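K.L.:
take this sequence and fold it.
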Amino acid sequence: MKNLTLAGVALALTAVSVSLTTPAALAAPAKHTAATSRIPFTAATVTANDNGSYRIVWKAPGVRSVAIRANGHVVARGGTHGDVTVSGLPAADRQWFDLVPQRGGSLHLADRLVKLDGAVNFRDAGGYRTADGHWVKMGEIYRSDALNRLTDADLAKLERLGIEAVYDLRMASERTSAPDRVPSGAAYTVADVLAGSATFTTMPTTEDEAVEMMVEGEKFMVSGDSARAAYSAVFAGVADESQHGLLYHCTAGKDRTGWSSAALLTALGVPRATVMDDYLASNTYRATVNAATLAAMPAAQAKVYKPLLDVRPEYLNSGFTEVSTEYGSFNSYLRKGLGIDTGELRALKRDLLIG
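P.N.:
Now for the predicted structure:
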């Protein structure tokens with residue numbers, strides 16, 4: 001194990017693939033226009049069930065009634081708190097719902113996960129509420145694991161969903177071994193986060209060493225020169241509305257991609273607890289692949305390897321601690337580390353937030 005590099009570790013994360021059945025596709029929905037009135041929802045999610053139905057859950061304090069619309073029709077109704085299941089809708093690439101309160105702005109939501117045959121962790125970066133009551137738009141920015149296993153049907157689906165730009169956060173060895181398959185017409189940009197990092201030169205030999213390697217790697221993602229250059233490029237793309245929908249990804253879609261989303265959501269004002277939930281969701285989406293990977297190893301090796309497959313609170317927290325240590329505050333990290341000034345941050349929020 002000692003002679004394996006990070007490239008070997010990262011590529012092993014996708015050594016076992018899971019086939020996900022995708023329904024027949026319809027045309028992608030038009031981009032949602034930002035609401036001008038205050039959005040009364042304090043929580044709202046859409047979850048696609050395996051049987052083709054959808055669960056919509058929401059909280060809208062002070063609102064007497066909420067209509068749930070899909071494909072131009074009201075498909076459910078509720079009150080201040082709602083938990084409804086909608087079935088019988090026609091198959092679609094991605095089913096969208098409008099949550100329309102009797103007063104205030106509406107929400108345009110879909111299941112965060114985009115189901116593909118060749119990727120298990122492709123999901124929307126939006127759909128979260130900020131601390132001051134705005135919501136991050138969905139259908140604009142996406143995050144994913146590696147794209148090398150995407151099928152032709154996957155690529156066609158992503159083209160219909162409007163993927164315009166792909167930012168590849170992987171190292172040269174990963175890109176060479178597993179080159180991206182990119183939707184037709186999408187711009188492709190290399191933003192190598194770990195180029196120049198000495199953290200991932202050899203495999204750990206104990207579980208504690210593995211955890212430490214992940215912690216140190218997270219710190220490098222904040223303060224390493226190549227990491228700052230890479231995330232600066234991603235943020236520049238996010239700020240360019242002509243590149244929406246934008247996708248950033250690494251191999252497993254959890255560490256380099258995880259910090260990219262954590263930084264973006266934090267910059268937009270999403271609370272730390274929500275940012276952590278989004279980060280830890282990779283454990284859920286990758287559970288089957290990770291379990292199969294570990295089951296193929298001897299028990300002793302699997303024990304050492306498991307921290308490399310996980311995302312854990314201590315990993316992400318080490319990144320935020322590095323921000324405080326090196327920059328003093330998150331806004332200072334944006335300004336000094338990524339080159340995003342106050343005016344650019346305001347513009348980013350105007351572009352990606354509604355309500």
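
K.L.:
ok, the residue located most distally from the centre of the chain to residue 40 distance?
P.N.:
Centroid-distance maximum for the chain: residue 64 at 32.9 Å, with Cα atoms, centre = their mean. To residue 40, residue 64 is 11 Å away according to Cβ to Cβ, to the nearest Å. C-beta here means a position set from N, CA and C on the backbone, and glycine is covered the same way.

K.L.:
again, but for residue 212
P.N.:
45 Å.

K.L.:
the more surrounded of those two?
P.N.:
Between residue 212 and residue 40, counting by other Cβ atoms under 10 Å, residue 40 is the more crowded of the two (23 against 15).

K.L.:
ok, that one touching residue 104?
P.N.:
Yes - here residue 40 reaches residue 104: they are 4.1 Å apart, a contact under Cβ atoms under 8 Å.

K.L.:
just to revisit the earlier point, list the contacts of the residue farthest from the centre of the chain.
P.N.:
Contact analysis of residue 64 by Cβ atoms under 8 Å, 6 or more residues apart in numbering lists 79-80, 102.

K.L.:
and those, which is closest to residue 271?
P.N.:
Distance to residue 271 across these (Cβ to Cβ) is lowest for residue 80, with 21.7 Å.

K.L.:
can I assume that closest one is in contact with residue 41?
P.N.:
No - between residue 80 and residue 41 there is no contact under Cβ under 8 Å: 10.3 Å.

K.L.:
overlap in contacts, these two.
P.N.:
59-60.

K.L.:
which of these two has more residues huddled nearby?
P.N.:
Using other Cβ under 10 Å, the more surrounded residue of residue 80 and residue 41 is residue 41, with 23 against 15.

K.L.:
which SSE is that one in?
P.N.:
Residue 41 is part of no helix or strand when elements are defined by DSSP states H and E.

K.L.:
rewinding a little: and for residue 40 and residue 104, which residues touch both?
P.N.:
60, 63.

K.L.:
how much space between residue 249 and residue 127?
P.N.:
Distance from residue 249 to residue 127, by Cβ to Cβ: 18 Å.

K.L.:
and if you look at residue 294?
P.N.:
30 Å.

K.L.:
out of the two, which sits in the busier spot?
P.N.:
Each of residue 294 and residue 127 has its neighbours counted (other Cβ under 10 Å); residue 127 has more, 21 against 16.

K.L.:
was I right about that one contacting residue 138?
P.N.:
Yes - between residue 127 and residue 138 there is a contact at 4.6 Å, judged by Cβ under 8 Å.

K.L.:
what do these two both touch?
P.N.:
Taking Cβ under 8 Å, 6+ apart as the criterion, residue 127 and residue 138 both touch 109-110, 112.

K.L.:
nearest to residue 287, of these?
P.N.:
residue 112 (15.8 Å).

K.L.:
and the closest one, what does it touch?
P.N.:
45, 123-124, 127, 138, 281 are the contacts of residue 112 under Cβ under 8 Å, 6+ apart.

K.L.:
among those residues, which pair sits farthest apart?
P.N.:
The farthest-apart pair in these, when distances are taken by Cβ to Cβ, is 138 and 281, at 14.9 Å.

K.L.:
higher neighbour count, the two?
P.N.:
residue 138 (23 against 18).

K.L.:
which residues touch the more buried one?
P.N.:
Contacts of residue 138 by Cβ under 8 Å, 6+ apart are 32, 108-110, 112, 124, 126-127.

K.L.:
closest to residue 346 out of those residues?
P.N.:
Using Cβ to Cβ, those come closest to residue 346 at residue 126, 18.3 Å.

K.L.:
these two touch, right, the closest one and residue 134?
P.N.:
No - counting by Cβ under 8 Å, residue 126 sits too far from residue 134 to count as a contact (11.2 Å).

K.L.:
which residues of the protein fall in helices?
P.N.:
6-12, 152-160, 172-177, 207-223, 225-239, 256-268, 272-285, 287-295, 299-309, 313-327, 330-332, 342-352 (DSSP state H).

K.L.:
deepest in the core, which of those is it.
P.N.:
Most buried of those, by mean neighbour count (mean count of other Cβ atoms under 10 Å): helix 256-268, with a mean of 24.
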